[in-house]
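Asks: Give me the fold of what follows.
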Amino acid sequence: MRLLLDTVTFLWAVSSPENISRAAMSALRSESSVREISAISLSEIAIKQARGKLTFDQADVAAGIADLQLRVLPYAAGHAMRLFDLPLHHPDPFDRQIIAQALAEDVAVVTSDEKFRLYKGLKIVW
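Replies: This next block holds a predicted model:
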């Protein structure tokens, strides 16, 4: 199963795994899971780190990707095109891009964010 970690889930997996639900942690630990992080999440972390909202730096992100054995999912035009039809249930532009990407890729999102559940057809693991 392909799993796309949202940004908060990635941060928690690296620094506070106790915040991740048992079901989500079980899915992430499964040998059959393909774990992914969006390039959008990398941008979000870099921007928030530059603004002083996060203490994660580039080395922390690279180490987290390696430790969690994540594949970075590039963000492409087809993903962005899904934004045109995406309802405005979620106001955060980074999350909206992750939602559009997950829908376009037909991949489940690992997230505790309840607003993700408002999107028809989006698979959530939590």
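Asks: Now do the strands in the protein.
Replies: 2-5, 34-38, 71-73, 108-110, 124-125 (DSSP state E).
Asks: Pairing partners for the third one, with directions?
Replies: Read that as strand 71-73. strand 34-38 (parallel) (DSSP bridges).
Asks: Restricting to C-alpha, output the partner strand in PDB.
Replies: Extracted C-alpha coordinates of strand 34-38, given in PDB (Å, rounded to 0.1, in the frame of the first residue of the first chain):
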ATOM      1  CA  VAL A  34       5.600   2.200   0.200                       C
ATOM      2  CA  ARG A  35       6.100   5.400   2.300                       C
ATOM      3  CA  GLU A  36       6.200   8.700   0.600                       C
ATOM      4  CA  ILE A  37       6.400  12.400   1.400                       C
ATOM      5  CA  SER A  38       5.400  15.100  -1.000                       C
END
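Asks: so which of the strands of the chain is the most packed in?
Replies: When you average the neighbours per residue for each of those (mean count of other CB atoms under 10 Å), strand 108-110 leads with a mean of 24. Heads up, the C-betas are built off the backbone N, CA and C, glycines and all.
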